[in-house]
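Colleague: Next one to model:
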Amino acid sequence: MKQLVMLKGNRYGITVYLDPEAPFDVLKEVLKDKLGKSADFFRNVRLALTFEGRVLNTEQQRELLDIIESYSQLNIVCIMQNEKDTEDLFRRAVDWAGYQEEKEKKTTLSTHLSVNKWNSLDDCYLGNKGQFYKGTLHFGQIVESESSIVVLGSIQNGAKLIARGNIVILGSLKGAAYAGAGGKKEAFIAALDMETTHLKIGNVILPAARLPSNIGGPQIARIEKGSIHIRPLVMY
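Modeller: Got it, this is the predicted structure:
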């Protein structure tokens with residue numbers, strides 16, 4: 001018999017396969033049944049989530065997320081599109097979510113968007129411990145967050161990312177990034193690749209002339225002795 005819903009997991013994430021032809025209401029009932037039978041397996045685990053098999057709109061994703069949270073004890077930290085090297089991407093997202101949960105006080109999550117420069121609210125999912133933005137910011141796009149933010153994508157030239165807390169970019173940073181908006185000097189900016197000429201943390205700006213050009217790889221920017229310094233991420 002054809003399986004309409006399949007659950008595939010790795011250490012850091014879970015993929016839910018959905019039959020592309022079955023009615024959505026039927027898939028919801030099958031998912032409830034599968035989760036109920038697997039309740040002991042999925043217990044108190046922090047995971048990233050992705051869907052395969054069919055295209056879902058935001059409302060459908062939220063309906064399925066509600067089912068997962070009601071019929072299991074999973075802590076879903078973000079919803080992602082299917083990617084190459086999925087387990088590694090899941091690991092990085094989950095690790096950073098755990099870091100934020102341990103290091104920061106709980107805050108009310110809100111996002112101020114430059115609406116005329118935003119493609120779709122479907123691209124943004126708010127987790128319960130921090131904010132995740134899924135996708136790449138392109139020229140002219142601006143995202144502002146009242147908390148820390150993890151970007152599952154890149155920040156291109158001419159795009160701007162502003163957060164009152166920390167900024168973590170699981171991609172390249174080529175546009176402008178401003179962490180600690182409001183004067184939080186303890187904030188940091190981290191990216192898998194940092195090529196920007198516009199960095200600001202708290203009230204401190206990093207002059208373009210002081211940007212290092214020979215680091216490469218994952219990097220983190222923090223305030224040290226009153227100035228912003230960029231180091232290889234492995235040092236922290």
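Colleague: Please give me every residue in contact with Leu192.
Modeller: Contacts for Leu192 (C-beta atoms under 8 Å, 6 or more residues apart in numbering) come out as Ile169, Leu170, Gly171, Ser172, Gly217, Pro218. For the C-beta atoms, the positions are set from N, CA and C on the backbone; glycine is no exception.
Colleague: Helix or strand next in line after the helix or strand encompassing the third one, which one?
Modeller: The one in question is Gly171. Following DSSP states H and E, one finds Gly171 within strand 167-173. Downstream of strand 167-173, the first helix or strand assigned by DSSP H and E is strand 176-179.
Colleague: And the next helix or strand past that following strand?
Modeller: strand 189-194.
Colleague: avg pLDDT for stretch 70-90?
Modeller: On average, the pLDDT along stretch 70-90 is 61.
Colleague: can I see the domain layout of this protein?
Modeller: 5-103, 111-235 (automatic domain parsing).
Colleague: low-scoring stretches of this structure, by residue?
Modeller: 1, 9-12, 38-47, 75, 77-130, 208-216, 234-236 (pLDDT under 70).
Colleague: I'd say Thr136 and Leu170 touch.
Modeller: No: using C-beta atoms under 8 Å, Thr136 makes no contact with Leu170, being 10.8 Å away.
Colleague: Between the two, which contacts overlap?
Modeller: Taking C-beta under 8 Å, 6+ apart as the criterion, Thr136 and Leu170 both touch Gly153.
Colleague: of the two, who's got more company?
Modeller: Leu170 (20 against 16; other C-beta atoms under 10 Å).
Colleague: My guess is the more buried one contacts Ile155. True?
Modeller: No: using C-beta under 8 Å, Leu170 is not in contact with Ile155; the gap is 10.9 Å.
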